[in-house]
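Colleague: my questions are about this predicted structure, shown below with the sequence.
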Amino acid sequence: MLRTFTFVLLFWVYANAQAELTIEIKQGIASAIPISVVPFALPEGTKVPEDIDGIIRNDLERSGHFKPISPDDMLSHPNNIEDIYFRDWRLLKQDYVLIGQVEARLNDVFQIRYQLFDVFNEKELLSQTLRGTKQQLRDIAHKVSDSVYEQLTGIRGAFSTKIAYVTANRARTNFTLAIADSDGAREQIVLKSKYSIFSPAWSPDGKKLAYVMLEDKGSRVYVQELATGKKELVSSSKGLNSAPAFSPDGTKLAMVLSKDGNPEIYVLELATKKWTRITKHFGIDTEPNWMPDSQHIIFTSGRSGKPQIYRVDTQSGYIERLTYEGHYNARARLAQDGRFLVMVHQAQKGGDFHIASLDLTRGLLQILTSDTYLDESPSVSPNGVMVMYAAKYKNQSILAAVSVDGDVKFLVPSKHGDVREPAWGPYKN
Amino acid sequence: MRLYPLSDPRSFGLPILIALGIQIVVLVLLSTHWMNTETHTLKSVPSHIAARVVQIEKPKPKQVKKAVKKKPGKPKVVPAKKTAPVKKKKAETKKEKPVKKVVPKKEPDQKAIAKKQAELAKQAKEELAKAAAREQAMSELDALLAEEMAAENAQQSEKDQAAISDYASQIRALIERVWRVPPSAKHTDTVLVRLFLVPTGEVTEVQIVESSGNLALDRSAEQAVWRVGTLPVPDDAALFEKQFRRFTLKLTPENARL
């Protein structure tokens, strides 16, 4: 009693003594950070096969959180701290400046050194020296982007990650499963087939891809190792075999089977090959995706008449409906440790299909896309800030990406006819 | 009183009571602003008030009159300056009278002397009474002045408060327009930043007083201040010194996505 009284008194006195004026600021803006990535100094006599600072500028701009200025608009192109006149950069309204040098070493090895400066405080925030062969220069550039991004936004960068997607020729007679850098560069073909390929899904270690192939005898689910190309048939039961999803701990694969009459969610334990049926409902249950705890699964179900997102506890079987807003919500993926659902959303009957994000803790729904139509298969970057999706644009299936703030949209370049079903890979460790 | 050995918990009783007493005394002293810097600011305030009040504030004299009317017994008080000359004249006449009366003293007339003495006594009495009245009037005047001053102070502080909130909202608007909240910020995060300004409003130093725990958010707050660079502050030097020489921004990105 006495103690609380004393505490209260002390607190009051403290508050009194702190009678300094305090102004509360409760709103900020979500606009992109101005940053200058100065062209790196290049070694004399040796050609550097990649435009490193260009890749960094491109990465940062695509994230939607940065607004790099063009090198032509810079007043100078310093490569050393002594040559930086911070006043000039303040005049250009730049918050940060990134400078760097590329040096050629023996055996086609390059050394890249970069420094990031805070223009207002005129101090260095980050500096690093990286080395690699000419094949690794793109990786190095993405690594620099990752470090800069994390330093300035507080979110881990995901520029070094890969994406997987399916392409098809116009006649739809040839299909490929491919992976590429998150900016669409350095495409590698994983699989070519005359059968349609669907639903590529990454294993959490980034070493395997699960996918569905629609063969003559029906759909099959395969898991393929990327390094060796070795593929394993994991499911070929009667009827539908589709929508594989690895659990975050990598031990289980969830998928949809219709061997019992209508599509239901099943879980396969990869080590023991033990199957567990998760849902039992006459409505369609499909498109499973794991929560970070490897125990709960979110899925699309038509049990209420229209597709909506539900969550099931694989241990207890307890099911909870997550989406109520909108006529149609499907193909949900999770972002930010399961806090956000990113899904295909149709506001009302007959409306356009767009990608929307639903904050499960605050219940806020935000529609992210508007320029494209028939938006489908959203896939979230592992840091939860970007969504890649397939859409119709000028009568072609293309990949597009949008930041979860809905600010920046860009189209992923592709040489192919139709590109669909993007799957954003995990962090490379 | 029994003294217990130190090892006995009962021996703590008296020291605890004494300690508590000291604490309470200190608390009371602290809460009465006995060591606040306000004394300094109060000193500089009146000169400014005098200048301002006369020029801008017309209702001021009315207030004084009203205050005077409230005390109907002493209406003489109003012309405070006039009482002073009267006093002087009386003092002069007082001095003159004895001089004149010195001459008739050469013809000793005891009755007259007695009469004059009585008169003098009477006069002295009157003087005393007048002096007392004057004294009373003066003290009344002092009280009135103090009252007036208090009213002025209250009015001034009211005006100050209005000015402070006006400048604060201008500063808030400027900062909100340039504060780029990083995407990692949570809507519940709070960062406290202390600013140091010169009287032109230019920011000379920014300190993170209380981190949000998110370095990117802390830096964004700091940068927002630098980006504005010069803040609107009152021209009134006293008010600037008191509130805007250094103050705190409490930043909470309530519109953040997370």
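Modeller: Great, that's in hand. Numbers count the residues shown, from 1 in each chain, chains lettered A, B, ... in the order given.
Colleague: stretch A:24-32 near chain B at all?
Modeller: Yes - with Cβ under 8 Å from any Cβ of the partner chain as the criterion, chain B is reached by stretch A:24-32 at A:24-32. C-beta: built from backbone N, CA, C; applies to glycine.
Colleague: skipping adjacent residues, who's closest to the residue nearest the centre of chain A in space?
Modeller: In chain A, the C-alpha nearest the mean C-alpha coordinate belongs to residue A:381, at 1.0 Å (Cα atoms, centre = their mean). In space, and not counting its chain neighbours, residue A:381 is closest to residue A:158: 4.4 Å by Cβ to Cβ, 6 or more residues apart in numbering or on different chains.
Colleague: ok, now residue A:221?
Modeller: residue A:235 (4.1 Å).
Colleague: kindly report the same for residue A:222.
Modeller: Per Cβ to Cβ, 6+ apart, closest to residue A:222 is residue A:231, 4.9 Å.
Colleague: swap in residue A:322?
Modeller: Looking at residue A:322 with Cβ to Cβ, 6+ apart, the closest residue is residue A:309, at 4.6 Å.
Colleague: in what helix or strand does the one you found lie?
Modeller: Using DSSP states H and E, residue A:309 maps to strand A:308-313.
Colleague: repeat that for residue B:173.
Modeller: Per DSSP H and E: helix B:110-178 holds residue B:173.
Colleague: what packs against that helix?
Modeller: Where contact means 3 or more Cβ pairs under 8 Å, 6 or more residues apart in numbering or on different chains; DSSP states H and E, helix B:110-178 is packed against strand A:22-25, helix B:38-56, helix B:59-69, helix B:80-102, helix B:215-228, helix B:237-239.
Colleague: mean pLDDT lowest where, among the ones you listed?
Modeller: Lowest mean pLDDT within the helices and strands packed on helix B:110-178: helix B:38-56, at a mean of 38.
Colleague: so what's residue A:190 up against?
Modeller: Contact analysis of residue A:190 by Cβ atoms under 8 Å, 6 or more residues apart in numbering or on different chains lists A:164, A:176-179, A:209, A:224, A:226, A:229.
Colleague: that older thread, would you confirm that the residue nearest to residue A:381 contacts residue A:426?
Modeller: No - Residue A:158 lies out of contact with residue A:426 (Cβ atoms under 8 Å); the separation is 9.2 Å.
Colleague: quick check: neighbours shared by these two?
Modeller: Joint contacts of residue A:158 and residue A:426 (Cβ under 8 Å, 6+ apart) are residue A:382.
Colleague: between those two, which has more neighbouring residues?
Modeller: residue A:158 (26 against 18; other Cβ atoms under 10 Å in any protein chain shown).
Colleague: assign a three-state SS to the more buried one, would you?
Modeller: With DSSP: H, G, I helix; E, B strand; the rest coil as the basis, residue A:158 sits in coil.
Colleague: separation between it and chain B?
Modeller: 12 Å (Cβ to the nearest Cβ, to the nearest Å).
Colleague: check contacts around that residue.
Modeller: A:146, A:182, A:381-383, A:385-386, A:424, A:427.
Colleague: again, 10 Å this time
Modeller: Neighbouring residues of residue A:158 by Cβ atoms under 10 Å, 6 or more residues apart in numbering or on different chains: A:59, A:63, A:142, A:145-146, A:149-150, A:182, A:380-386, A:424-428.
Colleague: please consider this matter closed, and thank you.
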